[in-house]
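Peer 1: predicted structure and sequence below. I'll ask about it afterward.
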Amino acid sequence: MTTISAAQRGAQRERRRMRINATPYLFLLVPLAVYFIWIVFPMLFSVYLSLTNWDGISPIPAPNALSLDNYNRLFTDRDFGVSFGNNVKWMIVFLTVPTTVGLGLAMIFNTDIRGSRWFKISFYAPLILSFVVIGTIWAWIYEPRAGLLNSVIVGVSQLLASIFPFVTPLERGPGWLADRNLALWSIMGAAVWRQCGYVMILYLAGLKNLDPSLIEAARVDGANGWQLFRRVIFPLLGPITTVVIVVSVIDSLRAFDLVQVMTRGGPGGASNVLANFMYIEAFNNYNFGYGASIAVVLLGLSLFIVVPYLYRTVKTELEY
Amino acid sequence: MTDTTYNGQFSPQASGALFQPRRKPLTVRRALLYAGLLILTLIWLLPFFSALLTSVRTMDEISLNGFWRPDLNTLTLENFTQAWEQARVSRYLGNSFVITLPSLFATLFLSSLSAFALARYKFRLALPLYFMFVAGTMLPFQILLLPVFKLANDWKVYNTHWALIIIHTAFQMGFCTMVLRNYMKTIPNDIVEAARVDGCSDFRIYWQIIIPLTLPAMAALATLEFTWIFNDYLWALILVQNDALKPITAGLASLQGQFTTNWPLITAGSLIGVVPTLFVFAFLQRYFIQGLTLGSGK
């Protein structure tokens, strides 16, 4: 008797639960509609466009005219190769320089060093600037004649020449953004300047959440400063390091604004990145189909990091 | 410095005491480290210094005296007034606010709806939808560029502020939903159950219980999102052509094309354009930092 009624109650509860289950969809209705129309659908549509030769103006080609021509063209396009290589360089720099500097700064400022608050503000202040403003400020720093950087270089060379007779003073410094070999690295200088503060903030938050008793235990066991960092603190920061790596890769794939503002990919396409190259192909050359195929390549690259990260998130989420 | 000052912007536990239980005596090594740090910081601030110094000079004077020897008698605020009026920075700045504020409210509101559904209800699609939003925050947005351009044209919002408001609202929804959903998950179930027993409707639970409890996360998100939307350049470049409609980022970029070698004017315009986000940063710094680390918590 009792078991049956319990089962009935269970079924009743189940039915109530099913009825309640319409509510979340009501809450989701508008947000999902907006998200599907403007994010999910465009993403899929980009893949479709990448199989066409659409010019952005005439009607979009029908499904029977699809081909892989754009992708074949990518393989032989020198500009694409340069852009791709530049993205790789960008990623390598982002994975090494701001990460190390940011972690170092976080370790320093996690102590009670005098004035650490002001130091920290100085390092993360660039984060509030738009890339357009950063690009503008740095383009002026790199200006060949009167810019800050070359003023320093020329000034120092003249100073050295006045002390050491064998040094020839420089008349002028390099044309940073106008030089094929320097343009990309110069842009990355500005990007790194901004990124360091970001990494620092992430690591500072991670350090703050470490369990002090573990550090204390290691200290009692006689670990010195470097051992403490290498064997205890850095491993404990693992989750933050994962986030930093993911952020660095994604940000380097997204790189666009600085290149667009500082060089527009020039000189002669030497500082193009994929995002920028795609913009030029689509909006300057009206090769929308080709542009879309470049975007799909970017998407594919990002999946290498997004999928493992999502997989990890799914796993932790299901363990709850 | 005491711990309280240190903790001005971070939560109280651990922090200062973590690596150095008490202030160490000043040694030569520490003094050197400190000096090195000071120099590095000053170098870090050089771009700001360069912009500030340039904005109060004239290009002729810079060319004549060089960057490091400004003639203090000729310093002028002329560049700022010229940027504000002739270079239309006032107009661009106004546009930025017209675009940013509605986007901010819309995205926070819609995200709170979806986050509430994903956090507080058990249903089959809850996790898949959550992961869809998470994935959406990580994808390179270039993949959306061309279809959104086409969509904006089809919907007749191309070259209007509406286009930017819509795309910012939609695009930022992924991140906001993710953050708010995770935050709402931490709200104890008892509170909601108690309200439900009292006959509280689902919408009232959302509006009168969950939303007020989520306000701290909302505040952090809002400061961060304000900065992100305000600083957007890509979408403005793609979706708005008319110069009179451009936000400050796109406006500054076109200023560069217009006044190519007038760096004092361009930097003055840039500095004006920084003021709103600087304001947010100065007064809501704590929230800004919290916001940046919110997304990385999981």
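Peer 2: Perfect, thanks for sending it. Note that the coordinates shown come from a computational prediction; the quantities given were computed from them, not determined experimentally.

Peer 1: which SSE is B:Ile211 in?
Peer 2: helix B:211-230 (DSSP states H and E).

Peer 1: which other helices and strands does that helix contact?
Peer 2: For helix B:211-230, the elements it packs on are helix B:89-120, helix B:161-185, helix B:263-294, judged by 3 or more Cβ pairs under 8 Å, 6 or more residues apart in numbering or on different chains; DSSP states H and E. In this view, the C-beta of every residue, glycine as well, is placed from N, C-alpha and C.

Peer 1: pull the number of nearby residues for residue 52.
Peer 2: I went with chain A, as the question did not name one. 21 (other Cβ atoms under 10 Å in any protein chain shown).

Peer 1: can you look at chain B instead?
Peer 2: The burial count for B:Leu52: 13, using other Cβ under 10 Å.

Peer 1: and the helices and strands packed on helix B:211-230: which comes nearest A:Asn72?
Peer 2: A:Asn72 lies closest to helix B:161-185 among the helices and strands packed on helix B:211-230, at 31.6 Å (Cβ to Cβ).

Peer 1: and the closest one with chain A, contact?
Peer 2: Yes - Helix B:161-185 comes into contact with chain A (Cβ under 8 Å from any Cβ of the partner chain), by way of B:166-167, B:169-171, B:173-174, B:177.

Peer 1: likewise for stretch B:146-156?
Peer 2: Yes - for stretch B:146-156, a contact with chain A is found by Cβ under 8 Å from any Cβ, at B:146-151.

Peer 1: quick one on the thing from earlier: hey, which of the helices and strands packed on helix B:211-230 is tucked in deepest?
Peer 2: helix B:161-185 (a mean of 24; mean count of other Cβ atoms under 10 Å in any protein chain shown).

Peer 1: got the angle between it and helix B:263-294?
Peer 2: 30 degrees (axes from the mean of the first three to the mean of the last three Cα atoms, to 10 degrees).

Peer 1: and helix B:161-185, how far from the chain's centre?
Peer 2: 13 Å (Cα atoms, centre = their mean, to the nearest Å).

Peer 1: follow-up on the earlier one: what residues sit buried inside the helix or strand following the helix holding B:Ile211?
Peer 2: Downstream of helix B:211-230, the next assigned helix or strand under DSSP H and E is helix B:234-239. Within helix B:234-239, the residues scored as buried using 16 or more other Cβ atoms under 10 Å in any protein chain shown are B:234-239.

Peer 1: give me the contacts around stretch A:89-104.
Peer 2: With contacts defined as Cβ atoms under 8 Å, 6 or more residues apart in numbering or on different chains, stretch A:89-104 is touched by A:184, A:188, A:191-192, A:195-200, A:202-203, A:244-245, A:248-249, A:251-253, A:255, A:273.

Peer 1: among these, name the ones in helices.
Peer 2: Those of the contacts of stretch A:89-104 mapping onto helices are A:184, A:188, A:191-192, A:195-200, A:202-203, A:244-245, A:248-249, A:251-253, per DSSP state H.

Peer 1: Provide a list of residues in contact with the residue nearest the centre of chain A.
Peer 2: Taking Cα atoms, centre = their mean as the criterion, A:Asp251 is the residue nearest the geometric centre of chain A, at 0.8 Å. Residues near A:Asp251 by Cβ under 8 Å, 6+ apart: A:94, A:195.

Peer 1: what does A:Val273 give?
Peer 2: Taking Cβ under 8 Å, 6+ apart, one finds A:83, A:86-87, A:90, A:255-256, A:259, A:265 in contact with A:Val273.

Peer 1: what do you get for B:Trp68?
Peer 2: A:151, A:155.

Peer 1: where in chain A is pLDDT low?
Peer 2: A:1-20, A:320 (pLDDT under 70).

Peer 1: would you mind giving the domain segments of it?
Peer 2: A:1-42, A:50-319 (automatic domain parsing).

Peer 1: pick the most deeply packed of these.
Peer 2: domain A:50-319 (a mean of 18).

Peer 1: what's the first-to-last distance across that domain?
Peer 2: 39 Å (Cα to Cα, to the nearest Å).

Peer 1: and that domain, how far from the chain's centre?
Peer 2: With Cα atoms, centre = their mean, you get 6 Å for domain A:50-319.

Peer 1: go on, stretch B:94-106?
Peer 2: 13 Å.

Peer 1: list the contacts of the residue most central in space within chain B.
Peer 2: Among the residues of chain B, the one closest to the centroid is B:Thr227, at 1.9 Å (Cα atoms, centre = their mean). Contacts for B:Thr227 (Cβ under 8 Å, 6+ apart) come out as A:127-128, B:277, B:280-281, B:288.

Peer 1: where do the strands sit along chain A?
Peer 2: Counting by DSSP state E, one finds no strands in chain A.

Peer 1: still on that earlier bit, turn the helices and strands packed on helix B:211-230 into JSON lines, columns for distance to A:Ile37 and mean pLDDT.
Peer 2: Listed next are the helices and strands packed on helix B:211-230 as JSON lines, based on distance: least, Cβ to Cβ, whole Å; pLDDT from 0 to 100:
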{"stretch": "helix B:89-120", "distance to A:Ile37": "13", "mean pLDDT": "95"}
{"stretch": "helix B:161-185", "distance to A:Ile37": "8", "mean pLDDT": "94"}
{"stretch": "helix B:263-294", "distance to A:Ile37": "27", "mean pLDDT": "86"}
